[in-house]
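> sequence first, then the predicted structure:
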Amino acid sequence: MPSDHSRSPSIVVLISGSGSNLQAIIDGIEANAIPATISAVISNKSNVKGLARATAHGIPSHVLDHTQHTDREHYDLALQALIDEYSPDLVILAGFMRILTSSFVEHYAGKMLNIHPSLLPKFKGLHTHQRAIEANEAEHGCSVHFVTPELDGGPIIGQRKVTISEHETEDSLASKVQKEEHFLYPLCTRLFVEGRLSLTDTGPCLDGTPITEGGLDLTDMDDL
Ligand code: GAR
């Protein structure tokens with residue numbers, strides 16, 4: 001992946017909250033399943049659990065409070081400057097709950113991933129679990145995609161599905177989906193840092209083969 005083979009690929013992770021996906025990726029790295037280093041964790045909110053997770057694993061962390069910036073453009077410029085101090089090969093959005101400016105997104109084109117708690121393109125935005133239940137969906141799940149300026153609209157790399165049971169609640173469905181997220185995101189991270197995933201002019205590819213629209217169904221993979 002990086003041209004400099006003397007260092008492992010560098011990842012910067014952006015969070016706003018609990019950081020359970022961050023934790024899953026840290027665990028994958030520490031288990032030697034993901035050949036990469038998390039160079040920094042950046043949160044737009046202070047005192048969130050994800051920051052404590054970073055500290056517990058010796059990862060530098062920063063709070064860049066969006067309320068201290070006049071507007072989205074200024075915030076994203078400051079965020080970009082902070083991220084770029086680490087020269088990351090990959091930027092991971094792990095529950096980073098902010099809409100991003102196009103220029104920020106384009107700066108990281110092809111090297112920024114997001115996880116979203118639905119089977120995209122269904123249920124972009126918020127409250128995905130409740131909306132899936134209300135829509136009487138039989139299945140729900142999570143998606144990892146390359147980030148483009150369209151919110152939750154970038155090319156999908158992979159998905160994992162869960163069945164919505166008869167008496168499903170928003171909370172029970174959220175915990176089922178999060179369990180799948182914690183497999184899917186480390187897996188996609190691994191594929192990216194191994195240089196197997198790329199975003200070309202015609203869409204995302206795995207090992208040089210185009211990934212079909214809708215992404216890879218990775219539901220049945222059970223080994224990172
Ligand atoms: C995850 O469920 C992720 O899919 C969602 O935020 C949660 C963060 O949890 N992201 C989005 O909704 C983005 N549109 P975590 O902080 O425990 O990883």
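Good, I have the coordinates. Residues are numbered from 1 along each chain as shown.
> who's Cys205 bridged to?
Per DSSP bridges, the residues bridged to Cys205 are Ser198, Pro210.
> looks like it contacts Leu197 (just checking).
Yes: using CB atoms under 8 Å, Cys205 is in contact with Leu197, at 7.2 Å. Where C-beta positions appear, they are placed from N, C-alpha and C, glycine not excepted.
> ranges for the strands of this protein?
10-15, 37-43, 61-63, 90-93, 112-116, 139-146, 156-163, 197-200, 203-206, 209-210, 216-217 (DSSP state E).
> which of those strands sits closest to the ligand?
Of all those, it is strand 112-116 that lies closest to the ligand, at 4.6 Å by CB to the nearest ligand atom.
> what does the average pLDDT come to for the closest one?
The pLDDT scores in strand 112-116 average 98.
> and it, what does it pack against?
Judged by 3 or more CB pairs under 8 Å, 6 or more residues apart in numbering; DSSP states H and E, strand 112-116 is in contact with strand 90-93, strand 139-146, helix 170-193.
> and the contacts of the first one?
By CB atoms under 8 Å, 6 or more residues apart in numbering, the residues outside strand 90-93 that reach it are 9-14, 22, 25, 36, 83, 108, 111-115, 147, 185, 189, 192-193.
> gap between the closest residue to the ligand within the chain and Thr163?
Per CB to the nearest ligand atom, Gly95 is where the chain lies closest to the ligand, at 2.5 Å. As judged by CB to CB, to the nearest Å, Gly95 and Thr163 stand 24 Å apart.
> now do the buried residues in stretch 7-24.
Neighbour-count burial for stretch 7-24 flags 8-17, 19-24 (criterion: 16 or more other CB atoms under 10 Å).
> about what we covered before: which of the contacts of strand 90-93 are close to the ligand?
Ile115 (CB under 6 Å from any ligand atom).
> what's the pLDDT at Met221?
The score at Met221 is 89. That number is its pLDDT.
> the residue nearest to it when sequence neighbours are not counted: how many residues sit nearby?
Of all residues not flanking Met221 in the chain, Leu187 sits nearest, at 6.8 Å (CB to CB, 6 or more residues apart in numbering). Applying other CB atoms under 10 Å, we find 23 residues neighbouring Leu187.
> quick one: low-confidence ranges for the protein?
Along the chain, the model assigns pLDDT under 70 to residues 1-6.
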